[in-house]
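**Student:** 3D, please:
(one chain, ligands or ions: 2)
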Amino acid sequence: MRIILYAGKGGVGKTSIAAATGLKLADLGYRTIVISLDAAHSLSDVFDKEKRLTGSGAEKQVQINDKLWIQEIDIHEAIIEHWGSVHSYIQALLNSSGLENIVAEEVAIFPGMEEICSLLYINQYVREETYDVIILDCAPTGESLRFVSIPTALEWYINRIFKLERNLMKVVRPIVERFSSVPLPGDDYFQNIKELFDQLEGIDQILLDPKITTVRLVTNPEKIVIKETQRAFMYFCLYGLCIDAVIINRIFPDTVDSAFFDTWKQTQQTYINDALNYFSDVPIWKVPLFDDEIVGEKGLYRLAESLYADIDPAEVLFDENPYQFSKVGNQYQVSMYLPFITKQDIDLSKHGDELIVRIGGFKQHLMLPRSIAHTNVTSAKLADNRLIITFDLPEGMRQAEV
Ligand SMILES: Nc1ncnc2c1ncn2[C@@H]1O[C@H](COP(=O)(O)OP(=O)(O)OP(=O)(O)O)[C@@H](O)[C@H]1O
Ligand SMILES: [Mg+2]
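**Tutor:** Numbering: from 1, shown residues only. Ligands and ions are numbered 1, 2, ... in the order given. Down below sits the predicted model:
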């Protein structure tokens, strides 16, 4: 069982690469599903073929061949199926605030619902062992980070807030309803959340197990895209997900020899070198810009061939977490995987929200999470192939002494 996320900035080639990977896996004999996590679905357009629908409701899938399915979740249908009472309550609440019915219906889909619906399907497929590989074609970076952070956030909500809210509501409802026309959530609302949570049980362990789930970051050799890839790399590590490849897409091939593209080619080479430097531990694949857009199976096979040749895409290509973040008392620790490094002079410097680590001729850039970007390094030491950097937390983030 494998889950592979293809993530990256908008327009870098995630959907094309996810679709091409699906075809390659199916050819290798894996029962594969490619699920689009982007509300602006384009997955079926990429395959550009007559649709054979299977399943019903929000669970409609399109069968591409004997071993390959694709799924674009219909958020409205999924919400009616899974969020019935939660959705109706929020809608009633918005209505009572004077919002037109139709607007309330739209607004009642709040951020996170779509991601939760996708997680429900993924968990169901994992439990029922429906597929050998689940490929996730992610929405642009910000939303896919929210997707991977949801299991932890939900766990926190259910354990800390949910029980309290539910019990509190039982006590205050009779009083509030006497004085206010604002509807309060009924117990079916809480029951619904509880059921959803039960259906999601275990998904966090699945996403955090590097033998099952890995992320492949798709990027282009351009300054802003590489910068966002660095940030995404750091945040996926922060959430504990394993990144097992970085794919640099749309590289001008040597056959492009018009003088018009000379500067472009130099620029691309600069950022390819930067990417090789930043993501040096993780396998990096390069994909050329093709002579046309990638639509239909022929184009997708061409892309798959360029990407994988003899590689089995289902393999875990790298299972070490290059960065680990932890909070120890009033200190924040970042540990960096640096194999083959012996004790030498370590030079650390900060440039904006980047930490630059120099060890001999080796230079590594690490994007820091916002919470510690403006904090000074207190110490750095090497242990077990890792460089451990400690930051003293600023006053406001310290735990109160008891
Ligand atoms: N290597 C390539 N050569 C030529 N065209 C490409 C290449 N990679 C992607 N494209 C084209 O670029 C466009 C965007 O690709 P795609 O839809 O896969 O990106 P995306 O990252 O999924 O975008 P979004 O963030 O909007 O979902 C498509 O028209 C696709 O055919
Ligand atoms: Mg896409």
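
**Student:** Which stretches in this structure count as helices?
**Tutor:** Counting by DSSP state H, the segments of the chain that form helices are 14-27, 43-47, 75-82, 84-96, 101-107, 113-128, 141-156, 163-179, 187-199, 203-208, 223-238, 262-278, 296-308.

**Student:** With respect to burial, which of these scores highest?
**Tutor:** Taking mean count of other C-beta atoms under 10 Å as the contact definition, the stretch among the helices of the chain with the greatest mean neighbour count is helix 14-27, which reaches a mean of 25. Quick note: C-beta positions are derived from backbone N, CA and C, even for glycine.

**Student:** In the stretch 201-350 of the chain, what residue comes closest to ligand 2?
**Tutor:** For the stretch 201-350 of the chain, the nearest residue to ligand 2 under the criterion C-beta to the ion is residue 218, separated by 9.6 Å.

**Student:** The stretch 51-200 of the chain now?
**Tutor:** residue 137 (5.8 Å).

**Student:** can you check the chain too?
**Tutor:** Nearest residue of the chain to ligand 2, counting by C-beta to the ion: residue 15, 3.3 Å away.

**Student:** List the contacts of that residue.
**Tutor:** If you count contacts by C-beta atoms under 8 Å, 6 or more residues apart in numbering, residue 15 has them with 36, 38, 42-43, 46, 137.

**Student:** Please apply the same query to residue 255.
**Tutor:** Shown in contact with residue 255 (C-beta under 8 Å, 6+ apart): no residues.

**Student:** same question, the one 4 residues further on
**Tutor:** By C-beta under 8 Å, 6+ apart, residue 259 lies in contact with nothing.

**Student:** how close does it sit to ligand 1?
**Tutor:** Counting by C-beta to the nearest ligand atom, to the nearest Å, the gap from residue 259 to ligand 1 is 22 Å.

**Student:** What of residue 133?
**Tutor:** Look at residue 133 and ligand 1: by C-beta to the nearest ligand atom, they are 19 Å apart.

**Student:** Run a quick check on that residue versus residue 32, I expect a contact.
**Tutor:** Yes - using C-beta atoms under 8 Å, residue 133 is in contact with residue 32, at 4.6 Å.

**Student:** Please identify which of the two sits among more neighbours.
**Tutor:** The residue with more neighbours, out of residue 133 and residue 32 and counting by other C-beta atoms under 10 Å, is residue 32; that gives 28 against 22.

**Student:** For the more buried one, give the beta-bridge partners.
**Tutor:** residue 68, residue 133 (DSSP bridges).

**Student:** Can you check the pLDDT for it?
**Tutor:** As predicted, residue 32 sits at a pLDDT of 98.

**Student:** rewinding a little: any idea which of the helices of the chain gets closest to ligand 1?
**Tutor:** With C-beta to the nearest ligand atom as the measure, helix 14-27 is the member of those nearest ligand 1 (3.3 Å).

**Student:** Quick check: closest non-adjacent residue to the one residue sitting closest to the centre of the chain.
**Tutor:** Compute the mean C-alpha point of the chain, and by C-alpha atoms, centre = their mean the closest residue is residue 144, 3.6 Å away. Excluding the flanking residues, the one nearest residue 144 by C-beta to C-beta, 6 or more residues apart in numbering is residue 138, at 3.8 Å.

**Student:** quick check: domain ranges of this protein?
**Tutor:** 1-163+196-320, 323-397 (automatic domain parsing).

**Student:** So for residue 185, which of those domains sits nearest?
**Tutor:** Comparison of those against residue 185 by C-beta to C-beta identifies domain 1-163+196-320 as nearest, at 4.9 Å.

**Student:** Rounded mean pLDDT for stretch 327-344, please.
**Tutor:** Taken as a whole, stretch 327-344 has a mean pLDDT of 76.

**Student:** what does stretch 263-270 give?
**Tutor:** Average pLDDT, stretch 263-270: 96.

**Student:** do the same with stretch 75-90
**Tutor:** 72.

**Student:** and if you look at stretch 383-398?
**Tutor:** Within the predicted structure, the mean pLDDT of stretch 383-398 is 79.

**Student:** Restricting to C-alpha, output stretch 214-224 in PDB.
**Tutor:** Provided in PDB are the C-alpha atoms of stretch 214-224 (Å, rounded to 0.1, in the frame of the first residue of the first chain):
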ATOM      1  CA  THR A 214       5.700  10.200   0.700                       C
ATOM      2  CA  VAL A 215       5.600  13.600  -0.900                       C
ATOM      3  CA  ARG A 216       7.100  14.500  -4.300                       C
ATOM      4  CA  LEU A 217       7.600  18.200  -4.800                       C
ATOM      5  CA  VAL A 218       7.200  19.500  -8.300                       C
ATOM      6  CA  THR A 219       9.000  22.700  -9.200                       C
ATOM      7  CA  ASN A 220      10.300  24.800 -12.100                       C
ATOM      8  CA  PRO A 221      13.800  26.300 -12.400                       C
ATOM      9  CA  GLU A 222      12.700  29.900 -11.600                       C
ATOM     10  CA  LYS A 223      13.500  32.000  -8.600                       C
ATOM     11  CA  ILE A 224      10.000  32.400  -7.100                       C
END
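
**Student:** For that stretch, which residues meet the burial criterion?
**Tutor:** By neighbour count with 16 or more other C-beta atoms under 10 Å, stretch 214-224 contains the buried residues 214-222.

**Student:** ok, back up a step: any idea which of the contacts of residue 15 is closest to residue 270?
**Tutor:** Compare each of those with residue 270 using C-beta to C-beta and the shortest gap goes to residue 137, at 29.1 Å.

**Student:** Quickly check: stretch 36-47 near ligand 1 or not.
**Tutor:** Yes - contact between stretch 36-47 and ligand 1, assessed by C-beta under 6 Å from any ligand atom, occurs at 38, 42.

**Student:** Pull the residues that contact that stretch.
**Tutor:** With C-beta under 8 Å, 6+ apart, stretch 36-47 has contacts from 15-16, 18-19, 34, 51, 62, 64, 70-73, 75, 114-115, 118, 136-140, 143-144, 147, 294-297, 300.

**Student:** From the chain's centroid, how far away is that stretch?
**Tutor:** On the basis of C-alpha atoms, centre = their mean, to the nearest Å, stretch 36-47 sits 16 Å off its chain's mean C-alpha point.

**Student:** go on, stretch 184-202?
**Tutor:** When C-alpha coordinates are averaged (C-alpha atoms, centre = their mean), stretch 184-202 and its chain have centres 24 Å apart.
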